[in-house]
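1. From the sequence below, what's the structure:
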Amino acid sequence: MIPIDPAARANVHLIDHPLVQHKLTLMRKKEASTNSFRRLLNELSSLMAYEVTRDMATQDVTIETPLETMTAKQIDGKKLVFVSILRAGNGILDGVLSVVPGARVGHIGLYRDPKTLQAVEYYFKMPKNMEERDIVVVDPMLATGNSAAAAVTRLKECSPKSIKFLCLLTCPEGINAMYREHPDVQIYTAAIDRELNDHGYILPGLGDAGDRIFGTQ
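-> Numbers count the residues shown, from 1 in each chain. Below you'll find the model as predicted:
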């Protein structure tokens with residue numbers, strides 16, 4: 001088992017709320033149907049969104065309650081962008097958007113060239129004025145970390161205010177890889193699993209998240 005760099009571990013926020021852990025356990029089961037896996041992912045993503053947005057900036061606004069005028073806190077969800085790493089990241093979007101419906105959405109598609117092992121971009125679509133926005137990148141798995149790090153590198157070209165990474169599962173290899181490339185990026189996850197196997201799958205993991213979300217092989 002590869003150890004986690006202590007400096008890298010300091011960047012990881014483990015969301016260990018009982019509801020999050022319960023739903024993740026149900027998702028891990030190999031007998032979970034596509035329908036139940038997708039539903040649980042939606043619910044779990046909503047719960048995790050509370051943690052990843054915990055430090056969102058708020059502003060004071062004046063409102064009228066039924067009894068009087070008051071000053072209250074309000075966030076500007078339009079300054080937050082959830083960026084999905086295609087295709088599995090789309091499984092998280094509905095859940096996080098249910099918590100922050102005003103957020104914008106971006107998509108990035110990458111695949112790894114089998115010969116060069118470099119990430120190749122095939123799709124990139126972001127909202128305008130990214131320099132004014134905070135980004136939360138969403139992808140169920142942070143495994144080798146190579147594609148995730150490449151996605152963050154590409155997003156930094158847009159000069160956003162900040163970037164966080166939200167995933168269901170990660171492992172020492174993924175945490176270390178992200179830290180080597182982007183020591184400024186905070187990782188939010190529901191579990192740090194043991195290791196990667198020879199095919200780059202997280203162990204014990206939950207299989208291929210994209211296939212389980214969309215019912216493909």
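2. Quick one: low-confidence residue ranges for this protein.
-> The chain contains residues with pLDDT under 70 at 114, 116-117.
3. Show me where it has its helices.
-> All helices of the chain, identified by DSSP state H, fall at 6-9, 18-28, 34-52, 90-99, 146-156, 172-181, 209-214.
4. Return the set of buried residues in the fourth one.
-> Buried residues in helix 90-99, counting neighbours by 16 or more other C-beta atoms under 10 Å, are found at 90-93, 95-97, 99. Where you see a C-beta, it was placed from the backbone N, CA and C, and this is true even at glycine.
5. ok, now the first one?
-> Buried residues in helix 6-9, counting neighbours by 16+ other C-beta under 10 Å, are found at 8-9.
6. Other residues contacting it?
-> 175-176, 178-180, 183 (C-beta atoms under 8 Å, 6 or more residues apart in numbering).
7. Give the residue farthest from the middle of the chain.
-> L67 (40.8 Å; C-alpha atoms, centre = their mean).
8. Report the separation between it and K73.
-> 18 Å (C-beta to C-beta, to the nearest Å).
9. Could you do L44 as well?
-> Counting by C-beta to C-beta, the gap from L44 to K73 is 26 Å.
10. Which one of these two is surrounded by more residues?
-> L44 (25 against 9; other C-beta atoms under 10 Å).
11. hang on, the more buried one packs against L24?
-> Yes: applying C-beta atoms under 8 Å, one finds L44 in contact with L24, separated by 6.4 Å.
12. Identify the contacts common to these two.
-> 168, 190.
13. for L40, what are its contacts?
-> 23, 26-27, 32.
14. how about 6 Å then?
-> Going by C-beta atoms under 6 Å, 6 or more residues apart in numbering, L40 touches 23, 26-27.
15. what's the answer for M141, then?
-> Here M141 is in contact with 169, 209 (criterion: C-beta under 6 Å, 6+ apart).
16. Likewise for G210?
-> 87-88.
17. before we move on, what about A209?
-> With C-beta under 6 Å, 6+ apart, A209 has these contacts: 88, 140-141.
18. again, 8 Å this time
-> 88, 91, 140-141, 168.
19. What of L97?
-> 82, 103, 105.
20. Please look at the first one and G102 and confirm they touch.
-> No: if you go by C-beta under 8 Å, F82 and G102 don't touch, sitting 11.1 Å apart.
21. More neighbours: which of those two?
-> For F82 versus G102, the count of surrounding residues by other C-beta under 10 Å is larger for F82: 23 against 11.
22. separation between G77 and A119?
-> 30 Å.
23. ugh, wrong one, I meant I63
-> Taking C-beta to C-beta, one finds I63 at 46 Å from A119.
24. who has more neighbours, the two?
-> When neighbours are counted by other C-beta under 10 Å, I63 and A119 differ, and A119 comes out ahead with 17 against 10.
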